[in-house]
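**Student:** Below are the sequence and a predicted model; questions follow.
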Amino acid sequence: MDFSGLINGVGSMGVFSARIFLPAFLTALLLRFGADIPLLSHFGLLIHLPHSHPTWFTNNITLVVLGVLSVAEILLQKNPEARRFLAEFDIYLKAVLALLTSVGVMSSTNASFVQQTIHQASFADGLVPVLAAIGTLRLAIVRRDVFTAIYDHVEGTHLETLLSWFEEAWATFGTFLLILFPILMLILLGIATGVLLMVRKRLRTLEEQTKIPCQGCGTSIYLCAVECPTCHQHIAAPAAIGFLGQTKPYPDHDVANHPYRLIEKRRCSVCAAHLPPRRPFDPCQTCKSTAMAEPAFTQAYLDYMNRRLPVVLGISFLFSLVPILGLIVGTIYYRMELILPFSQYLPLGRRFLLRWGIRLLFFILILFQWIPLLGGLVVPVMALISFTAYRSVYRSYLLTPSTEAHPVTNPA
C-alpha cells in the first residue's frame with residue numbers, strides 16, 4: 001500500500017466534510033499542473049507524479065465538471081434555504097467524492113495503480129478509498145450537527161456569510177496542505193476534529209440546559225414542551241421552535257398549532273423530545289406518547305399543513321417569475337415548507353418512488369418557465385403536485401392499517 005495515498009485518504013476527511021466538490025476540484029487541479037510549478041513540484045504528493053498523460057481524474061473534462069460544480073456549490077451555500085436543502089443529503093455526496101478522489105489520487109501518483117487494482121491489488125490498497133469515504137461520512141455528520149445549530153443562531157447576519165466563506169477557505173487551504181504537506185494536514189485534522197466534537201457536546205449540553213423544572217413534580221422539561229412527561233402538567237406558554245427545530249428564548253404565540261409545529265420539526269408533540277426519522281409509530285422514548293399513531297392527530301396535522309398551502313403557493317408564484325434563479329430558490333422553499341414535514345416520516349422506499357415518479361413531469365414543466373407570465377405558474381404547479389402526492393402517501397401510510405406501517409411485534 002502506498003503510504004502517501006494512505007495519508008491523503010485519511011486527511012481528505014477533513015476537507016470533504018466541509019464541501020463536496022471544491023476539494024476534489026482543487027486536488028485534481030494540483031495533480032494536473034502542480035508538478036510544472038517550480039516552487040511546488042518538490043513537496044508532498046507532487047514528488048510521486050509520473051510524467052505521463054492525464055488520468056481520468058485529471059483530464060480536461062473532469063476539471064471542467066468539478067470546477068462548475070464547485071462554483072455552484074459555493075453559490076448555493078450562500079443561500080440559507082439552499083444550504084438547508086443540501087444538508088438533507090450532502091453528507092453522502094461528500095463520502096462518494098472522497099472515495100472517488102482517493103482513487104483518483106492513487107491513479108495519478110501511481111501509473112500502474114489501475115492495472116494493479118484490476119489484477120493484483122492488495123486488500124489494503126482498496127481499503128484506503130473506503131476508509132476515506134467512511135471517515136468523511138462520520139466527520140460530516142459531526143460537522144452538520146455543529147454548523148446547523150450555529151447557522152440557526154446567526155442567520156441573517158454578516159456572521160452567517162463569514163462562516164460560509166470560512167468553510168470554503170478551510171476546504172481550499174486544507175486541500176493544498178493535504179497535497180503539499182500531508183503530515184501537517186493530519187495534525188490540523190486531528191485538532192479540528194477534536195474541536196468539532198467538543199462543540200457538538202457543548203451544543204447538546206446547551207439544549208439540555210434549556211430545560212426547566214416542572215412546577216408540578218420537578219422533572220426537567222424542555223421550554224418548548226406542551227406538558228410534563230412525568231406528571232402531565234400542562235404548560236400554558238411553551239417556547240417557540242426555530243426553523244431547524246431549536247428551542248427559542250421566547251414563547252410561541254400560536255399555542256393551538258404548537259404541537260404540529262413540534263411534529264413538523266421531528267420533535268414529540270407532548271414533551272418536545274427529538275424523534276428518530278421515518279418511525280412515526282414508535283412511542284416517544286421520553287413520555288411514551290404516540291400522537292402520530294392517533295388518526296385524529298394525523299388528520300389535524302394534515303389540516304395544519306393544508307392551511308399553509310395557499311401562502312406557499314403565492315410566494316412560489318413570485319419566485320417563479322424570475323428565470324432560473326427563481327426556479328431554484330422557489331423549489332427549495334416549497335420543499336422545506338410543504339414536503340419535508342411529510343417526507344421525513346415516510347419509509348425510504350416510498351420516498352424514492354415518489355421522488356422519481358414526479359421528476360419526469362417536473363422536467364416538462366421546467367421547459368415552460370421561460371415563457372413570460374405562464375412561467376410564473378411553474379413553481380406553484382410543481383409545489384401543488386408535490387404537496388398533493390406527498391400528502392396522499394402520508395395519509396395512506398399513517399391512516400391505513402398495514403403490517404408495514406404498524407409492524408407486528410412478537411409477544412414472546
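**Tutor:** Nice, I can see it.
**Student:** what's near enough to touch residue 15?
**Tutor:** Residue 15 is in contact with 22-23, 170-171, 174-175, 178, counting by Cβ atoms under 8 Å, 6 or more residues apart in numbering. (C-beta placed from N, C-alpha, C; glycine too.)
**Student:** Now the buried members of those residues.
**Tutor:** Among the contacts of residue 15, those buried by neighbour count (16 or more other Cβ atoms under 10 Å) are 22-23, 170-171, 174-175, 178.
**Student:** what would those look like in CSV with distance to residue 326, pLDDT and secondary structure?
**Tutor:** Putting the buried ones among the contacts of residue 15 into CSV (distance: Cβ to Cβ, whole Å; pLDDT from 0 to 100; DSSP: H, G, I helix; E, B strand; the rest coil) gives the following:
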residue, distance to residue 326, pLDDT, secondary structure
22, 26, 92, helix
23, 30, 91, helix
170, 31, 88, helix
171, 29, 88, helix
174, 34, 85, helix
175, 33, 86, helix
178, 38, 79, helix
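**Student:** Let me know the closest of these to residue 333.
**Tutor:** Distance to residue 333 across the buried ones among the contacts of residue 15 (Cβ to Cβ) is lowest for residue 22, with 25.3 Å.
**Student:** Distance of that closest one relative to residue 15?
**Tutor:** Computed as Cβ to Cβ, to the nearest Å, the residue 22 to residue 15 distance reads 8 Å.
**Student:** so what sits against both of these two?
**Tutor:** 171, 175.
**Student:** burial count for residue 255?
**Tutor:** The number of residues packed near residue 255 is 13, by other Cβ atoms under 10 Å.
**Student:** Okay, it and residue 137: tell me how far apart.
**Tutor:** Relative to residue 137, residue 255 is positioned 40 Å away (Cβ to Cβ).
**Student:** before we move on, what about residue 393?
**Tutor:** Distance from residue 393 to residue 137, by Cβ to Cβ: 28 Å.
**Student:** ditto for residue 332
**Tutor:** 24 Å.
**Student:** now residue 171
**Tutor:** 16 Å.
**Student:** Quick check: phi and psi at residue 247.
**Tutor:** The phi/psi pair for residue 247 (degrees, to the nearest 10) reads phi -70, psi 130.
**Student:** wait, what's in contact with it?
**Tutor:** Counted by Cβ under 8 Å, 6+ apart, residue 247 has contacts 207, 210, 222-224, 239-241, 272.
**Student:** Going along the chain, name the strands of the stretch 301-412 of the chain.
**Tutor:** In the stretch 301-412 of the chain, no strands are defined using DSSP state E, counting those that start in this stretch.
**Student:** what number of residues lie near residue 187?
**Tutor:** 12.
**Student:** Quickly find the element holding it.
**Tutor:** Here residue 187 sits within helix 182-209, counting by DSSP states H and E.
**Student:** And the next helix or strand past that helix?
**Tutor:** Next along the chain after helix 182-209, taking DSSP H and E as the criterion, comes strand 212-213.
**Student:** Show me what the next helix or strand after that next one is in contact with.
**Tutor:** The helix or strand immediately downstream of strand 212-213 is strand 220-221, counting by DSSP H and E. Outside strand 220-221, the residues that touch it by Cβ under 8 Å, 6+ apart are 208, 211-214, 228-229, 235, 271-272.
**Student:** switch the cut-off to 7 Å
**Tutor:** With contacts defined as Cβ atoms under 7 Å, 6 or more residues apart in numbering, strand 220-221 is touched by 211-214, 228-229, 271.
**Student:** what packs against whichever helix or strand comes after that strand?
**Tutor:** Next helix or strand after strand 220-221 toward the C-terminus (DSSP H and E): strand 239-241. Where contact means 3 or more Cβ pairs under 7 Å, 6 or more residues apart in numbering; DSSP states H and E, strand 239-241 is packed against strand 247-251.
**Student:** Could you spell out the sheet neighbours of the strand it packs on, each with its direction?
**Tutor:** Sheet pairing of strand 247-251 (DSSP bridges) gives strand 239-241 (antiparallel).
**Student:** quick check: mean pLDDT across the partner strand?
**Tutor:** For strand 239-241, mean pLDDT is 88.
**Student:** Roughly how far does residue 288 sit from residue 12?
**Tutor:** For residue 288, the distance to residue 12 equals 44 Å [Cβ to Cβ].
**Student:** And these two? Which one has more around it.
**Tutor:** Between residue 288 and residue 12, residue 12 has the larger neighbour count (other Cβ under 10 Å), namely 33 against 11.
**Student:** Now do the SS call for the closest residue in space to residue 76 that isn't next to it in sequence.
**Tutor:** Leaving aside its chain neighbours, residue 76 sits nearest to residue 82 (4.1 Å; criterion: Cβ to Cβ, 6 or more residues apart in numbering). Under DSSP: H, G, I helix; E, B strand; the rest coil, the three-state class of residue 82 is helix.
**Student:** which residues of the stretch 251-400 of the chain score low on pLDDT?
**Tutor:** For the stretch 251-400 of the chain, applying pLDDT under 70 flags the ranges 324, 359-376.
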